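Colleague: Got a sequence here, can you build the structure:
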Amino acid sequence: MRIRREAISGRRHEARPASRIEGYAVPNHRRSPIHTQLKLPIFDIRVYYLIESIDLGIRAKGDVAVPRPAKFTPDAILKAASEIVAARGPGATTMGEIAVKLGAPSGSLYHRFQSRDELLGRVWLQKATFFQNAFARALDEVDPRKAAVEAALSLPRTVRADFAGARIMLLHRREDFMSGGWPKPMQDEAARLGQQVRDVMHEFTSRLFNANTKAARLTTHFAILDVPFAAVRRYVGANEVPPLAVDRLIAAAVNAILDQQATGTRKQGD
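Modeller: Model (predicted):
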């Protein structure tokens, strides 16, 4: 059997052998997965070329099948949500508002996140991971004294790198991002992050003071967590990026605290 069809442009194409797929004639050289999957009759060449051009996004150049890039990715949704949360707080953030900011139908959000709780929880986990990883990397410095200063300075630096994330992490509690509870995998991830902080702080205290006493842990926590938090939070709360001068003050405060602790330790040894 031979078939002839007329293209949209009106030009006629050379006849080619055809195959029968589920009773319909489809040119051999133009068959694609969509024809087989949808079992469409290709009687009108205009319909034929329309389907070939769309092909549900599964065909690319040549015969290699690739997925069509998603227009509203989870990362794009999280970014839009974080900007709203940073500006207005988690309590005032709705799925509808996120969809409007993103220019997406609400269904796209629920297709990727089962609920508002899950979406906001993912926002918190994403930002917590970013800030915590920066802190942990700073502690990798070989010299413990330098590591302490770098860890303290990681906060203002990370605030400047992700100011929306800073407003989320420094102005709100984790509980503000959950009203009905998080799915268990998210609860496990939050617990893992909390345990990671405790573990690195214990390990670093031992490196810094050659001891892991209660007093040593208190000094470490105050120097590299409490001091930078207090120094930058007032700026973040006022919706201002901390000036670089803050970094010098934080470093001076950390060194002074560690010097005082070292002096006290020597006196106890005497």
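Colleague: where in this structure is pLDDT low?
Modeller: By pLDDT under 70, the low-scoring segments of the chain are 1-70, 179-180, 262, 264-270.
Colleague: mind listing what the residue positioned nearest the centre of it touches?
Modeller: For the chain, the residue nearest the mean C-alpha position is Gln126 (4.6 Å; C-alpha atoms, centre = their mean). Going by C-beta atoms under 8 Å, 6 or more residues apart in numbering, Gln126 touches 78, 82, 165. C-beta coordinates here come from the backbone N, C-alpha and C atoms, glycine included.
Colleague: hmm, try it at 7 Å
Modeller: Leu78 (C-beta atoms under 7 Å, 6 or more residues apart in numbering).
Colleague: What strand or helix carries it?
Modeller: helix 116-138 (DSSP states H and E).
Colleague: For that helix, buried residues please.
Modeller: Within helix 116-138, the residues that qualify as buried are 116-128, 131-132, 134-136, 138, counting by 16 or more other C-beta atoms under 10 Å.
Colleague: if we can go back for a sec, gap between the residue nearest to the centre of the chain and Ala256?
Modeller: Distance, Gln126 to Ala256, by C-beta to C-beta, to the nearest Å: 35 Å.
Colleague: same thing with Pro242?
Modeller: Using C-beta to C-beta, we find Pro242 at a distance of 19 Å from Ala256.
Colleague: Which one of the two is surrounded by more residues?
Modeller: Shown here are Pro242 and Ala256; by other C-beta atoms under 10 Å, Pro242 has more neighbours (22 against 12).
Colleague: can you tell me which helix or strand the more buried one belongs to?
Modeller: In this structure, Pro242 sits in neither a helix nor a strand according to DSSP H and E.
Colleague: That one contacts Val159, doesn't it?
Modeller: Yes. Using C-beta atoms under 7 Å, Pro242 makes contact with Val159 at a distance of 6.0 Å.
Colleague: Touching both of these two, which residues are there?
Modeller: Val232.
Colleague: Now Ser106. Nearest residue, chain neighbours left out?
Modeller: Sequence neighbours aside, Ala99 is the residue nearest to Ser106 in space, at 4.6 Å (criterion: C-beta to C-beta, 6 or more residues apart in numbering).
Colleague: neighbouring contacts of stretch 169-180?
Modeller: 89-91, 117, 120-121, 123-124, 127-128, 131, 190, 233, 236-237.
Colleague: Could you list the buried residues of the helix or strand hosting Gln196?
Modeller: For Gln196, the element it lies in under DSSP H and E is helix 184-209. Neighbour-count burial for helix 184-209 flags 186, 189-190, 193, 200-201, 204-206, 208-209 (criterion: 16+ other C-beta under 10 Å).
Colleague: I'd like these laid out as TSV, including distance to Val227.
Modeller: Formatted as TSV, the buried residues of helix 184-209 follow (distance: C-beta to C-beta, whole Å):
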residue	distance to Val227
Met186	31
Glu189	28
Ala190	25
Leu193	22
Val200	17
Met201	14
Phe204	15
Thr205	16
Ser206	20
Leu208	15
Phe209	17
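Colleague: which one among those gets closest to Asp143?
Modeller: Asp143 has its nearest neighbour among these in Leu208, at 10.2 Å by C-beta to C-beta.
Colleague: Just list the residues touching the closest one, thanks.
Modeller: 144, 148, 220.
Colleague: Return the subset of those lying in helices.
Modeller: Judged by DSSP state H, helices contain the following of the contacts of Leu208: 144, 148, 220.
Colleague: Any chance of those in JSON lines with neighbour count and distance to Ala252 as columns?
Modeller: As requested, these are exported to JSON lines (neighbours: other C-beta atoms under 10 Å; distance: C-beta to C-beta, whole Å):
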{"residue": "Pro144", "neighbour count": "18", "distance to Ala252": "18"}
{"residue": "Ala148", "neighbour count": "25", "distance to Ala252": "13"}
{"residue": "Thr220", "neighbour count": "25", "distance to Ala252": "17"}
